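Q: Task: produce atomic coordinates for the following.
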Amino acid sequence: MGLKTENGSEASGFKFLIYGRTGWIGGLLGRLCTERGIAFAYGAGRLENRAQLEDDIAGNSPTHVFNAAGVTGRPNVDWCETHRVETIRANVVGTLTLADVCRERGLILINYATGCIFEYDGKHPLGSGVGFVEEDTPNFVGSFYSKTKAMVEELLKNYENVCTLRVRMPISSDLANPRNFITKITRYDKVVNIPNSMTILDELLPISIEMAKRNLTGIWNFTNPGVVSHNEILEMYRDYIDPKFTWKNFTLEEQAKVIVAPRSNNELDTSKLKYEFPELLPIKESLIKYVFQPNQKTSAS
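A: Reported below is the predicted structural model:
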């Protein structure tokens, strides 16, 4: 597939090659590029197939590569527990192959990773406001998905051309999307109530494009500053979207009985990202501005 452009974007000098066309983030990235007049193409190759990746790059001559592909599991990460080889192939072999091909060609790879590789501990207690920083060693090994993500992050540290973005519990203004964290928890019979760092895609995906333009690399905690709990989000949902909405809570112990693998709960320190992008909003402000206020009129009509 050739590079697509809108509004004469060739003049911008940027050409993005994006992996993950059928995925949520990959689709949003393509839409953003179209809106902003940035030339882009979706990679056709399988991540674990080196020759196909080389053909993609040779055929499109990108300035930057974005990886939003990989396996998260459907309907959730429990799938990875029983599909371990498939998970390794996509999340480890595939990501490393893409990083290596990009390095050979002097290209920066923007890699959408996960921050679900940490859990609250003695040095980072729940409610303390002390978050995990980019240099911290992952301490959550409860799910096979998180294990593979922690492994590949450690290996990618050796690639100076990679920008690793730790996304957590992604949220967007599209409340109909089943991948949206808000959509998920509004459909659950019961939810736990734990403060977490989360990623508002409407605000942060444009920042990731800017990071590519600035040729930033290394590991970044890619969440909004601060934490928000499940109940706080559902209260906003009730107040802005559905005044009749109700929900029930249950404990982590009760949750463990209905899921296969434990889930990560943590706070990530966003000082590094906030320093680079001072306009970045705290999580609760971002939720209101980018998610709930835009949906308010729709719900009332």
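Q: Only C-alpha atoms from now on, for both contacts and neighbour counts.
A: OK.
Q: tell me which residues in the helix or strand W79 falls within are buried?
A: Under DSSP states H and E, the secondary-structure element containing W79 is helix 78-82. By neighbour count on 16 or more other C-alpha atoms under 10 Å, the buried set for helix 78-82 is 78-80.
Q: Strands of the stretch 101-250 of the chain, start to end?
A: 108-114, 162-167, 218-221 (DSSP state E, counting those that start in this stretch).
Q: Figure out which of these is closest to I200.
A: Closest to I200 of the strands of the stretch 101-250 of the chain, according to C-alpha to C-alpha: strand 162-167, at 9.3 Å.
Q: need the helices for this structure, in chain order.
A: Per DSSP state H, the chain carries helices over the ranges 24-36, 50-60, 78-82, 84-88, 95-104, 144-156, 181-187, 201-213, 230-240, 252-256, 271-276, 283-286, 293-300.
Q: and the ones you listed, which one's lowest on average pLDDT?
A: Lowest mean pLDDT of the helices of the chain: helix 252-256, a mean of 67.
Q: before we move on, the earlier item: format the helices of the chain as JSON lines; extra columns: distance to G70.
A: Listed next are these as JSON lines, based on distance: least, C-alpha to C-alpha, whole Å:
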{"stretch": "helix 24-36", "distance to G70": "11"}
{"stretch": "helix 50-60", "distance to G70": "15"}
{"stretch": "helix 78-82", "distance to G70": "11"}
{"stretch": "helix 84-88", "distance to G70": "8"}
{"stretch": "helix 95-104", "distance to G70": "8"}
{"stretch": "helix 144-156", "distance to G70": "10"}
{"stretch": "helix 181-187", "distance to G70": "18"}
{"stretch": "helix 201-213", "distance to G70": "17"}
{"stretch": "helix 230-240", "distance to G70": "26"}
{"stretch": "helix 252-256", "distance to G70": "25"}
{"stretch": "helix 271-276", "distance to G70": "24"}
{"stretch": "helix 283-286", "distance to G70": "26"}
{"stretch": "helix 293-300", "distance to G70": "30"}
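Q: Go through the ones you listed and name the closest to I110.
A: With C-alpha to C-alpha, the closest approach to I110 among those belongs to helix 201-213: 6.9 Å.
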